[in-house]
Every structure is written in structure tokens, then in C-alpha cells.
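Peer 1: missing the sequence, but the structure's below:
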């Protein structure tokens, strides 16, 4: 599978998880459980996306790595924010 196809699919799934988290409002055990489940899914997706990029970058020279990282940042905006999403998911998983 082409790496761009997989990144598009992963970014779409990541976007759905973030939308799910944004839609969870209120208190109670059901909402807390749904939030925990979505945050765990977010963490798994982030790890998978980082693994794909690491695999794609390995074995390339510095110029190719720089160009690929640039293309990823431009074509896949959510991927650019994986650090923020990781911090968010880690911090919020500790709350529950």
C-alpha cells in the first residue's frame, strides 16, 4: 500500500476519534468510559501513524527524509499536531 494512501486513511480515522472526543460532554460513568475508550483509541492511532512514518523514513538519506517530512506536514495537517495530541491523550487518560 502506498504510504500516502495509508496516511490519508489514518488521518481520517484520527479525525473521527478527535471529533468523537469533542462530542463527549457531561459527567457520569457512561461518558467517562466513552472518553477513556476514545483516548485509548487516539493513543493507539498516534503510535501507529508515527510507526508508519518512521518506517517510511528509514533507509533514506537526509535530503529525502527532509522532503518526506515536509510533504507529510503539508499534506496531513493532523499529523503535524501529533505531539500535542499525544500530550493531550496522556494527560487526560490520567484524569480518569
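Peer 2: Done, it's in. Bear in mind the structure is a predicted one, so any value in this text is a computation, not a measurement. Numbering: from 1, shown residues only.

Peer 1: In the chain, which residue sits furthest out from the middle?
Peer 2: residue 28 (26.5 Å; C-alpha atoms, centre = their mean).

Peer 1: What count of nearby residues applies to the spatially closest residue to residue 24 that is not a sequence neighbour?
Peer 2: Excluding its sequence neighbours, the residue lying closest to residue 24 (C-beta to C-beta, 6 or more residues apart in numbering) is residue 35, at 5.2 Å. Where you see a C-beta, it was placed from the backbone N, CA and C, and this is true even at glycine. Residue 35 has 18 neighbours, counted by other C-beta atoms under 10 Å.

Peer 1: you'd agree residue 35 is up against residue 21?
Peer 2: Yes. Counting by C-beta atoms under 8 Å, residue 35 sits close enough to residue 21 to count as a contact (6.9 Å).

Peer 1: for the protein, what helix or strand is lowest in average pLDDT?
Peer 2: helix 82-95 (a mean of 61; mean pLDDT, DSSP states H and E).

Peer 1: Grab the longest helix from the chain for me.
Peer 2: Determined from DSSP state H, the single longest helix within the chain is helix 29-57.

Peer 1: What residues of that one count as buried?
Peer 2: 35, 38, 39, 41, 42, 43, 45, 46, 49, 52, 53, 56 (16 or more other C-beta atoms under 10 Å).

Peer 1: One more: stretch 2-18?
Peer 2: Buried, per 16+ other C-beta under 10 Å, within stretch 2-18: 7, 10, 11, 14, 17, 18.

Peer 1: Out of those residues, the closest to residue 64 would be?
Peer 2: Distance ranking of the buried residues of stretch 2-18 against residue 64, using C-beta to C-beta, places residue 7 first at 16.5 Å.

Peer 1: quick one, what contacts the closest one?
Peer 2: Residues in contact with residue 7, defined by C-beta atoms under 8 Å, 6 or more residues apart in numbering, are 49, 52, 53, 72, 75, 76, 79.

Peer 1: Cool, thanks, talk later.
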